[in-house]
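1. from the sequence below, what's the structure:
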Amino acid sequence: MTKERDFGHICQKNTCHYCCVETEMLLTKKDVQRIVRSTLISPTEFAIRNEEGYLMLQNRHKANESQCFFLNEKGLCSIYQIRPEGCKFYPIIWNFEDHQAILDDYCPHCGEFALKLSSTSDNLENFIFRLFGKL
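-> Next up is the predicted model:
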C-alpha cells in the first residue's frame, strides 16, 4: 500500500466509521482471496453479489444499523491491514459521468482528504479499470 492511500489516520483521528454503515463497497477477486486466506472466513459470509453481478461487502445488523461485516464493536475495521482496495481509496471515488476522481461528500470529513485527491486519481482510475474492465 502506498503512503498516499493510507487515509486511515484521518478516520481514526475523528473516530469515524461512517463509510462502514450501509456500505456498498465493491470487492475485487484479489480482495476476496486475500481476506479468505488471512481470516479463513468463507466469502459467502462476508460478500454478496449486487444487482449488476459484482461482488460487494455484506452488511450485517449491529447496534441498530446495517454495518460492514468487518466493523467491530469498537467501530474499527477488524481487517484493516488487508481491507479491500476500494476501502483504501475512500472517500476518493470515481465519477463515471465526468471520468475523474472526486471526493465523496457522504464522508463527513472529506475536506481533510482534499490534498490526496490529485495524487490518488491515476491509481483510482487504474483500480476502476481493473474492477469493471472499462471506464
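
2. hang on, Q81 in a helix?
-> Yes. Under DSSP: H, G, I helix; E, B strand; the rest coil, Q81 falls within a helix.

3. residue nearest the centroid of this protein?
-> When CA atoms, centre = their mean is applied to the chain, the residue found nearest the centroid is C87 (2.1 Å).

4. would you enumerate the residues in contact with it?
-> For C87, the contacting residues are 19, 25, 77, by CB atoms under 8 Å, 6 or more residues apart in numbering. No exception for glycine: its C-beta is placed from N, CA and C like everyone else's.

5. what is the nearest of the residues you listed to I92?
-> Nearest to I92 among these: C19, at 11.4 Å, using CB to CB.

6. so what pLDDT did the spatially closest residue to the closest one that is not a sequence neighbour get?
-> Spatial nearest neighbour of C19, excluding adjacent residues (CB to CB, 6 or more residues apart in numbering): Y90 at 5.5 Å. Here the pLDDT value assigned to Y90 is 93.

7. what about Y90, neighbour count?
-> Counted by other CB atoms under 10 Å, the residues lying close to Y90 total 23.

8. could you check how far it is from Q81?
-> Using CB to CB, to the nearest Å, we find Y90 at a distance of 16 Å from Q81.

9. ok, what's across the strand from the residue lying closest to T120 once chain neighbours are set aside?
-> Among residues not flanking T120 along the chain, I92 sits closest, at 5.1 Å (CB to CB, 6+ apart). Beta-bridge partners for I92, by DSSP bridges, are L103.

10. give me the number of residues near I92?
-> 24.

11. ok, now which ones touch it?
-> Counting by CB under 8 Å, 6+ apart, I92 touches 101-104, 113, 116-117, 120-121, 124.

12. could you rerun that using 7 Å?
-> Taking CB atoms under 7 Å, 6 or more residues apart in numbering, we find I92 in contact with 101, 103, 113, 116-117, 120, 124.

13. around E52, count how many other residues there are.
-> For E52, the tally of surrounding residues (other CB under 10 Å) stands at 8.

14. change the start of the numbering to 14 and stick with it
-> Right, with 14 as the first residue, what we last looked at is E65.
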